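**Q** Pasting a predicted model and its sequence here:
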Amino acid sequence: MIPDSYQAWRHCIEVDCRQPLTAAFIAERLQELQDYGHFRTVQFVNLYGSAHHQRVLGWFAEAARTAA
């Protein structure tokens with residue numbers, strides 16, 4: 001299931017994947033997802049498309065604003 005909202009995405013990360021959205025994790029993922037030459041970013045865009053990639057960047061940015 002591909003999340004279609006911030007709330008669904010956050011639930012997927014924190015509950016389904018059991019990955020706390022810490023400031024360090026968010027910063028690491030944002031850095032990687034903003035690097036269009038990074039292997040995993042290329043894979044992500046190929047699998048989910050540019051529009052979803054942009055949504056996820058936005059969701060990580062939102063999470064960064066509220067991270068502890």
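**A** Done, it's in.
**Q** show me where pLDDT drops low in the protein?
**A** The chain contains residues with pLDDT under 70 at 68.
**Q** can you give me the helices in it?
**A** 6-11, 23-33, 39-48, 50-66 (DSSP state H).
**Q** Dump these to TSV, plus distance to C17.
**A** For the C-beta atoms, the positions are set from N, CA and C on the backbone; glycine is no exception. TSV is the format used below for the helices of the chain (distance: least, Cβ to Cβ, whole Å):
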stretch	distance to C17
helix 6-11	10
helix 23-33	11
helix 39-48	15
helix 50-66	14
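**Q** Let me have those helices in TSV, extended by mean neighbour count.
**A** Listed next are the helices of the chain as TSV, based on neighbours: other Cβ atoms under 10 Å:
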stretch	mean neighbour count
helix 6-11	14
helix 23-33	14
helix 39-48	12
helix 50-66	14
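**Q** okay, which residue is most central for this structure?
**A** In the chain, the centroid-proximal residue (Cα atoms, centre = their mean) is V56; its distance is 4.4 Å.
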